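>>> next come a sequence and a model predicted from it.
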Amino acid sequence: MHRGRLPRTKAALFSGAVTASLLVGAVAAAPTASAASYPTCNGVKEKALDAGATTVLQPYYKGTGSRNCELRKGDSGPAVEELQFNLIHCHGKNTGGTDGIYGDLTRQAVREVQAAARIGVDGIYGPETRKAMKWYYYINGDPGRNCVKAGV
């Protein structure tokens, strides 16, 4: 009788081991939320578009100097204010003004820009949205009174 159950036990153990290794592999391969997130933009940085004469102002993260940062509902400060300025003047969106508070209207404006650019629509400003947006530009520090798709 013991011999009859031994093959089933081995099969069950083998099946369990295969299932466990598949689960461990799936967990190891799954990206973490932090891998896809960026720090919160907390400043405004000038970005040269050519030899330095034409520039745009864009949100950035002061900690690293990177423009690869995010803004989302509830954030506030100069980075949000710059985003709102560009959403209003370059995209004709209603953000409720340039109060520097990322509220419902700013989130909706970002969603509309994302939809028009055919990128992921989540209402969160990040690197992909930055590259898809038009930005108010300056020539030698003076307002160019126009917008350009910087793509950067």
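Yep, that arrived. From a predicted model like this one, the values you see are computed outputs, not experimental measurements. Residues are numbered from 1 along each chain as shown.

>>> run a quick neighbour tally on Lys73.
Lys73 is flanked by 14 other residues according to other Cβ atoms under 10 Å. C-beta here means a position set from N, CA and C on the backbone, and glycine is covered the same way.

>>> Val80 now?
With other Cβ under 10 Å as criterion, Val80 counts 27.

>>> and the helices in this structure?
2-29, 33-36, 78-91, 104-117, 127-132 (DSSP state H).

>>> quick one: mean pLDDT over the third one.
Computed over helix 78-91, the mean pLDDT rounds to 97.

>>> and for stretch 134-152, what are the contacting residues?
Identification of contacts with stretch 134-152 by Cβ atoms under 8 Å, 6 or more residues apart in numbering yields 47, 49, 53-58, 85-86, 89-91, 130-133.

>>> of those residues, keep whichever come out buried.
Buried subset of those (neighbour count, 16 or more other Cβ atoms under 10 Å): 47, 49, 54-58, 85-86, 89-91, 130, 132-133.

>>> these two touch, right, Lys47 and Pro59?
No. Judged on Cβ atoms under 8 Å, Lys47 makes no contact with Pro59 at a distance of 10.6 Å.

>>> low-confidence stretches in this protein?
Applying pLDDT under 70 to the chain picks out residues 1-36.
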